[in-house]
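K.L.:
Need a 3D model of the sequence below.
(2 chains)
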Amino acid sequence: MATLADPIKESFRPSMLLNDTRYRSLTFQFIALVAIIATMAFIGGNLVRNLAEAGLNISYDFLGAQAGYDINQRPIPYESTDTHGRAAIVGLLNTLIVAILGCITATVIGVVAGVLRLSPNWLVRKIMAIYVEMFRNVPVLIWILIIFSIMISATPAPRDFRGEDPTASMMLFDSVAVTNRGVFMPKPLLGDGSMLVIGIFIASIIGIFFFRRYARKQLFDHGRLIPTLWPSVGLFFIPAILAQIVLGGPITLEYPELKGFNFQGGTTIRGSLIALWFALAIYTGAFIAENVRAGILAISKGQTEAAAALGLRPGRIMNLVVLPQALRVIIPPLISQYLNITKNSSLAIAVGYMDLTGTLGGITLLQTGRAIEAVLLLMLFYLTISLLISFFMNIYNNAMKLKER
Amino acid sequence: MNKSVFFGALTVAGLMAGAAAATTLEDVKARGKLNCGVTTGVPGFAEPDANGVWQGFDVAVCRAVAAAVLSDSTAVEFVPTTGKTRFTALASGEIDMLARNTTWTFSRDVDLKFEFTGVNYYDGQGFMVPKALGVTSAKDLDGATVCIQTGTTTELNLADFFRANGISYEPVPIETGAEAVQQYIAGACDVYTTDASALAAQRANFEVPGDHALLPEIISKEPLGPLVRHGDNEWGDIVRWTLNALITAEELGVTSVNIEELSAGTNNPEINRLLGAEGELGSMLGLEPEWAKRAVAAGGNYGEVFERNIGEATPIGLARGLNAQWTDGGLIYSPPFR
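P.N.:
So this is what the prediction gives:
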């Protein structure tokens, strides 16, 4: 006689797929999966077939063909005789330049504005509230256009610098020219021995790093507070400048000069880059300010009070107690804002900045007529950049988040 | 789940609809409307007027085709296309023909698989500079900042021109003509380059048009014309010969004023063949005998269309120049109707 404690091992019957709750959900998930795959395959197949019928065969051969157009901002050498593929890379680099500059600036603006929005000072608090509400609630394209229009109409044209009695003049000892085409600045030229100066400069930065670590160790181990700000500033400038003087000035500056239609020589930051960078930074900065405010408010008031009871001054409470904890709340939405900056940078063409959308998704697409291919590639590029940003920010987030031991 | 299946089915249906097998002519007749791709708005060439009715030089070609095929010049659905969307719209069948300042080039004809049905405007790329710069030739433009409309053949011509002459320039790509003008006026660029016809049209709207000069160099050939998809030659023939009918009508002196009188029959056999009083030209195209008469009656002959939309009496103020009839020393020339 079989005991009840030893249940009969039920054999699997197909009907259990529907009747047994253990298997039913799996069954339906499987059916749904098959249906989705079949639908996708059908749609994809249809797309390819109809494209072929319409004479639009998917082909990426155009990337190897000569581009034939010029790009004004070239992080890598590029001529109109280079390929569409290289033009796309130039555009990609331009996108990355404005995205990185935008992320850094937006973070600085956002943190400052977010902290000041909680300031006890009524005026400061209200000004920051106005900033946040104004910039957050107007589309970024409008900001880009406003800033660009103001820039080209408020700053002088290069021809205003010309003549006996010019209406505009250069700034900072005739070294910087602000025009409606961009800012022209001196460019360092590296002569003999300049590597030594650069080496000393890098060494002094490493020195600053070690000095600060030493200062911190002194503070933690012996309770001695060593001032770090001025020694750091001194270390940053003095050795490199001394080396420059001692070696007889190997690094010289090339000043921009008005020649022909334009300033020549030196480096240029084009107006389109400035407008786009600035607009993205202050627009996204407003969102980051709100994230920072939320992060700070998420920290219990008891923390601030406890720190104050220990005798910390308000600035130190913010830097040493509140912000490090608030970062855990701030970082995840900050990642989204960085992704937004990167994606919003595709509005660049509004001001003629040749980013990825302007080269690959603009001129290349139009000249070759390969719209579907170019847009797919564009999606791939943006997806890759965004996933990379997420990846690195998640590493940072994991480093910062509360470690439960 | 139900929803996603439903949307999936919708998408599939949408994709399949593009692959209908009927000829373009049958499609247009069944629809009762011609879908014609035009610009999003270029004064004189294609722009809706105050009443929202599309007017212009390119629009007139669409209307003539609609009149020839559907005997109603207003049976046109104008589809505004940008430089980016125009070719996809035509290739996908969203529009039946494209009449949009499109330059006839080898790669567009061959690689993109379109058929240009003729040239309705011979243009060329020119430069506009403020007179104050004192520039008299495009070869003096070394180092200049140049505003260009991005995505057009002008961008490539510009690169070629400066490379061929060994001079440098700084391109400022801009999306629309209106923005380019704004930047040019503000002095953000020294030079503005685009098709000479467009330069003239836009200069007409400046506060002081006399302060700006067009440089003598025309650096490219820009034959602009209507185009259709590869693969439906009968439809291509209809569009081609409608344009030719407008041109021939001008050559033979057939205007919207005297067309009724002339269509009763004349001593000139070519006019009779054109207007359907003699011969079987209409039925060869699969249209009624008076197709060309309707096309010309819709907006007048080529010369009338030109003068009304972009001629010297209009604010655009373009001279006929290359676009005069071949009998007047121009390039406008239609093969014979016989």
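
K.L.:
What residues does the stretch 101-250 of chain B have near chain A?
P.N.:
B:107-108, B:111-113, B:132-133, B:141-145, B:150-152, B:155-156, B:158-160, B:162-163, B:169-175, B:182-183, B:186-190, B:229-231 (Cβ under 8 Å from any Cβ of the partner chain). For every residue, glycine as well, the C-beta is placed using N, CA and C.

K.L.:
Is the strand or helix carrying A:S272 in proximity to chain B?
P.N.:
Taking DSSP states H and E as the definition, A:S272 sits inside helix A:271-297. Yes: Helix A:271-297 is in contact with chain B by Cβ under 8 Å from any Cβ, via A:271-272.

K.L.:
What helices and strands are in contact with that helix?
P.N.:
Helix A:271-297 sits against helix A:84-116, helix A:122-136, helix A:140-154, strand A:182-185, helix A:323-344, with contacts defined as 3 or more Cβ pairs under 8 Å, 6 or more residues apart in numbering or on different chains; DSSP states H and E.

K.L.:
Between those, which one is closest to chain B.
P.N.:
For the helices and strands packed on helix A:271-297, the distance to chain B is smallest for helix A:140-154, at 4.5 Å, taking Cβ to the nearest Cβ.

K.L.:
Take the helices and strands packed on helix A:271-297 and lay them out in CSV including distance to chain B.
P.N.:
CSV is the format used below for the helices and strands packed on helix A:271-297 (distance: least, Cβ to the nearest Cβ, whole Å):
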stretch, distance to chain B
helix A:84-116, 11
helix A:122-136, 23
helix A:140-154, 4
strand A:182-185, 10
helix A:323-344, 17
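
K.L.:
Go through those and pick out the most buried.
P.N.:
Across the helices and strands packed on helix A:271-297, the average number of neighbours (mean count of other Cβ atoms under 10 Å in any protein chain shown) peaks for strand A:182-185, which reaches a mean of 23.

K.L.:
Tell me the buried residues in the helix or strand following that one?
P.N.:
Counting by DSSP H and E, the next helix or strand C-terminal to strand A:182-185 is strand A:187-190. For strand A:187-190, a neighbour-count test (16 or more other Cβ atoms under 10 Å in any protein chain shown) marks nothing as buried.

K.L.:
Could you list the paired strands of strand A:187-190 along with their orientation?
P.N.:
strand A:251-254 (antiparallel) (DSSP bridges).

K.L.:
can you list contacts of the strand it pairs with?
P.N.:
For strand A:251-254, contacts defined as Cβ atoms under 8 Å, 6 or more residues apart in numbering or on different chains pick out A:175, A:186-191, A:194, A:197, A:244, A:265-266.

K.L.:
Which parts of chain B are helices?
P.N.:
For chain B, the helices defined by DSSP state H occupy B:2-17, B:24-31, B:57-70, B:86-91, B:106-110, B:153-164, B:177-186, B:196-203, B:233-251, B:259-263, B:269-275, B:281-285, B:291-299, B:302-309.

K.L.:
May I see those arranged in a markdown table, with mean pLDDT and mean neighbour count as well?
P.N.:
What follows is the helices of chain B, written out as a markdown table (pLDDT from 0 to 100; neighbours: other Cβ atoms under 10 Å in any protein chain shown):
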| stretch | mean pLDDT | mean neighbour count |
| --- | --- | --- |
| helix B:2-17 | 47 | 12 |
| helix B:24-31 | 92 | 16 |
| helix B:57-70 | 94 | 27 |
| helix B:86-91 | 88 | 22 |
| helix B:106-110 | 88 | 12 |
| helix B:153-164 | 88 | 20 |
| helix B:177-186 | 83 | 20 |
| helix B:196-203 | 82 | 22 |
| helix B:233-251 | 94 | 23 |
| helix B:259-263 | 90 | 16 |
| helix B:269-275 | 91 | 21 |
| helix B:281-285 | 91 | 16 |
| helix B:291-299 | 92 | 26 |
| helix B:302-309 | 94 | 22 |
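
K.L.:
Of these, which is nearest A:R86?
P.N.:
helix B:153-164 (14.1 Å; Cβ to Cβ).

K.L.:
between that closest one and helix B:196-203, how big is the angle?
P.N.:
110 degrees (axes from the mean of the first three to the mean of the last three Cα atoms, to 10 degrees).

K.L.:
just checking, what packs against helix B:153-164?
P.N.:
strand B:125-130, strand B:144-149, strand B:169-174, strand B:191-195.

K.L.:
can you do 7 Å?
P.N.:
Helix B:153-164 is packed against strand B:144-149, strand B:191-195, with contacts defined by 3 or more Cβ pairs under 7 Å, 6 or more residues apart in numbering or on different chains; DSSP states H and E.
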